[in-house]
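A.B. asks: Whatever this is, show me its structure:
(one chain, ligands or ions: 2)
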Amino acid sequence: MNDAPNTPLNTTPKPRQRVLSGMRPTGALHLGHYHGALKNWVRMQGEYECFYFVADWHALTTHYEERSVMERYVYDMVIDWLAAGVDPERATIFIQSRLPEHAELFTLLAMGTPLGWLERVPTYKDQIEKLKDRDLATYGFLGYPLLQAADILIYKAAFVPVGEDQSSHVELTREVARRFNHLYGREADFDTLAQAAVKKMSKADAKAFEAGRKDFQQSGGEELLARTRALIDGSGALSAADRERLEGYLRGTGKAILHEPQALHTEVRKLPGLDGAKMSKSYGNAIAMREEPAEVERKIRRMPTDPKRVRRTDPGNPEDCPVWQFHQVYSDVPTKEWVVTGCTTAGIGCLECKQPVIDAIQREQAPWRERAEKYLSNPKQVHWILEVGTERARTVARETMREVRSAMGLSY
Ligand code: TRP
Ligand code: SF4
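C.D. replies: Numbering: from 1, shown residues only. Ligands and ions are numbered 1, 2, ... in the order given. Prediction:
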């Protein structure tokens, strides 16, 4: 597969930037999950190096007593990822709790994170309000955005695709990274290592680099910085760690150990639940990704519509009807025009209006059902995929932890 068809053959392709995202295991996913997040995960696989994980510890921050369903929830969810087209050949899929490194980074970051940063995260008070039936006055619940920061930072992710509601967590992650780099950014032997890296460049480049560095630190200038930095990029003999070191050496900042990620909010058209409220298993208004076709038909046919259409002859307004929101996601322009005209003139009945939605959902689900079938009949394969993904993630997580321990003076 060629991800960058416009790259001329004589240039080395740029390493793909890393994307990281996680989902709490809540069991089989529904259409709201697919259109709100999963579809986007599938799309990003072509463009980025994607790491997707099951955030099972995160589920425990609110549902710590639910040990009987967790395993089933994890596998049902992963099967839906695979069914939707998350491709284990292209994306790294793994389970958080299989990587104690996440917990180690969480612990180390916790030491220097002010309580106020966590208390001020908007989801903290919101969720306590919303989940009144649970006792969320726990240490784990307060700390969970920091656990999320550890999840992200341990993979040095460039981008984190999340819903708007999670923006504040990515913002916290950035602050935590900045603080860490400020406190521990300079390796104890930074200058020696940086000078050794300069020696790995060609003689001419090394000389030009040293001259550029001195000039830049005395007088600054973006252009000089760019020109000197180009010497690092052009030097094939340097490892990634050396490049980073030289970057810090040039700027006079030391080595950035943790990377500030960016939240990625892609435009998604939200699919509401059958009653127009947010789709959620617990509200009983959801259609599962792997819902039986007959059940899809039954659920859509029973969906409430514009209450003004009491009789078939009463005109309605699509804006007051949840079915219209399904058309927004599933229908093409001519169909939508047919709905608007038909609804406002009482030219069509509601069951008639719903049929294209039923057809579109069933069509969308067919390949999911087919792929899921393959995994359901061979659960070993799912275990194997997670095994491979976990080991791939571990390689990266271990390397970061080595750097973190060393930066914090813990590498004895
Ligand atoms: N907190 C996220 C949620 O509740 C899940 C999550 C955990 C996550 N760690 C993450 C998302 C890291 C993105 C990146 O939905
Ligand atoms: Fe809703 Fe369609 Fe009925 Fe109008 S015709 S109320 S859009 S289901």
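A.B. asks: contacts, neighbours, all on C-alpha from now
C.D. replies: Noted.
A.B. asks: Below-threshold pLDDT in the stretch 201-350 of the chain: ranges please.
C.D. replies: Within the stretch 201-350 of the chain, no range satisfies pLDDT under 70.
A.B. asks: now the strands for it?
C.D. replies: 262-264 (DSSP state E, counting those that start in this stretch).
A.B. asks: Show me which helix runs longest in this structure.
C.D. replies: helix 379-407 (DSSP state H).
A.B. asks: hey, what's the residue of the stretch 251-400 of the chain found nearest ligand 1 bridged with?
C.D. replies: Residue nearest to ligand 1 within the stretch 251-400 of the chain (CA to the nearest ligand atom): A263, separated by 8.9 Å. Beta-bridge partners of A263, counted by DSSP bridges, are V160.
A.B. asks: what number of residues lie near it?
C.D. replies: By other CA atoms under 10 Å, 21 other residues sit near A263.
A.B. asks: ok, now which ones touch it?
C.D. replies: 159-162, 167, 170 (CA atoms under 8 Å, 6 or more residues apart in numbering).
A.B. asks: Which of those sits closest to ligand 2?
C.D. replies: Closest to ligand 2, out of all of the contacts of A263 and judged by CA to the nearest ligand atom, is V162, at 30.6 Å.
A.B. asks: Report the separation between that closest one and L109.
C.D. replies: To L109, V162 is 22 Å away according to CA to CA, to the nearest Å.
A.B. asks: wait, what's in contact with the residue of the chain most remote from its centre?
C.D. replies: For the chain, the largest distance from the centre (CA atoms, centre = their mean) belongs to T313, which lies 47.1 Å off. Taking CA under 8 Å, 6+ apart as the criterion, T313 is in contact with A346.
A.B. asks: Ok, the one 10 residues further on next?
C.D. replies: Contacts were defined as CA under 8 Å, 6+ apart; by that measure V323 touches 274, 303-305, 354.
A.B. asks: picking up where we left off before, phi and psi next, for the residue farthest from the centre of the chain.
C.D. replies: Main-chain dihedrals, T313, degrees, to the nearest 10: phi -90, psi -10.
A.B. asks: again with R16
C.D. replies: R16 adopts backbone torsions of phi -70, psi 140, taken as degrees, to the nearest 10.
A.B. asks: Am I right that it is in contact with E47?
C.D. replies: Yes: R16 is within contact range of E47, at 7.1 Å (criterion: CA atoms under 8 Å).
A.B. asks: Whatever residue of the stretch 101-250 of the chain ends up closest to ligand 1: helix or strand, and which one exactly?
C.D. replies: As assessed by CA to the nearest ligand atom, ligand 1 sits closest to Q148 within the stretch 101-250 of the chain, at 4.1 Å. Q148 belongs to helix 139-153 when elements are defined using DSSP states H and E.
A.B. asks: Let me see the mean pLDDT of that helix.
C.D. replies: The pLDDT scores in helix 139-153 average 97.
A.B. asks: contacting residues around it?
C.D. replies: Contacts for helix 139-153 (CA under 8 Å, 6+ apart): 20-21, 58, 61-62, 102-103, 105-106, 109-110, 118-119, 124, 160, 169-170, 172-173, 176-177, 258-261.
A.B. asks: Locate T92 within the secondary structure: which element?
C.D. replies: strand 91-95.
A.B. asks: That strand: partners in the sheet, and parallel or antiparallel?
C.D. replies: strand 49-54 (parallel).
A.B. asks: What is the helix or strand following the strand it pairs with packed up against?
C.D. replies: Next helix or strand after strand 49-54 toward the C-terminus (DSSP H and E): helix 56-62. Helix 56-62 sits against helix 139-153, with contacts defined as 3 or more CA pairs under 8 Å, 6 or more residues apart in numbering; DSSP states H and E.
A.B. asks: which parts of the helix it packs on are buried?
C.D. replies: 140-153 (16 or more other CA atoms under 10 Å).
A.B. asks: and of the residues you listed, the nearest to G234?
C.D. replies: Using CA to CA, L153 comes nearest to G234 of the buried residues of helix 139-153, at 27.4 Å.
A.B. asks: mind checking how far the closest one is from ligand 2?
C.D. replies: Taking CA to the nearest ligand atom, to the nearest Å as the measure, L153 and ligand 2 are separated by 46 Å.
A.B. asks: do S235 as well
C.D. replies: S235 is 62 Å from ligand 2, by CA to the nearest ligand atom.
A.B. asks: can you check R311 too?
C.D. replies: 10 Å.
A.B. asks: cool, N181 as well?
C.D. replies: 54 Å.
A.B. asks: That residue: what secondary structure?
C.D. replies: Classification of N181 using DSSP: H, G, I helix; E, B strand; the rest coil returns helix.
A.B. asks: before we move on, the earlier item: contacts for the very next helix or strand once past the strand holding T92, please.
C.D. replies: Next along the chain after strand 91-95, taking DSSP H and E as the criterion, comes helix 100-112. For helix 100-112, the external contacting residues (CA under 8 Å, 6+ apart) are 96, 146-147, 149-151, 154, 176, 180, 397-398, 401.
A.B. asks: how does it look with 10 Å?
C.D. replies: Contacting residues not belonging to helix 100-112 are listed as 57, 96-97, 143-155, 176-177, 179-180, 183, 394, 397-398, 400-401, 404-405, 408 [CA atoms under 10 Å, 6 or more residues apart in numbering].
A.B. asks: what does stretch 131-138 give?
C.D. replies: 61-63, 124, 127-129, 141-142.
A.B. asks: Quick one: end-to-end length of it, please.
C.D. replies: 13 Å.
A.B. asks: That one vs ligand 1: in contact?
C.D. replies: No: legend: contact between stretch 131-138 and ligand 1 by CA under 6 Å from any ligand atom is lacking; minimum distance shown is 13.8 Å.
A.B. asks: how far out from the middle of the chain is that stretch?
C.D. replies: 26 Å (CA atoms, centre = their mean, to the nearest Å).
A.B. asks: Can you redo the buried residues of helix 139-153 as a markdown table, where the extra columns are distance to F209?
C.D. replies: What follows is the buried residues of helix 139-153, written out as a markdown table (distance: CA to CA, whole Å):
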| residue | distance to F209 |
| --- | --- |
| G140 | 48 |
| F141 | 49 |
| L142 | 47 |
| G143 | 44 |
| Y144 | 44 |
| P145 | 41 |
| L146 | 39 |
| L147 | 40 |
| Q148 | 38 |
| A149 | 35 |
| A150 | 35 |
| D151 | 36 |
| I152 | 33 |
| L153 | 30 |
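A.B. asks: Show me which of those residues is closest to E222.
C.D. replies: Nearest to E222 among the buried residues of helix 139-153, with distances taken as CA to CA, is L153, at 28.0 Å.
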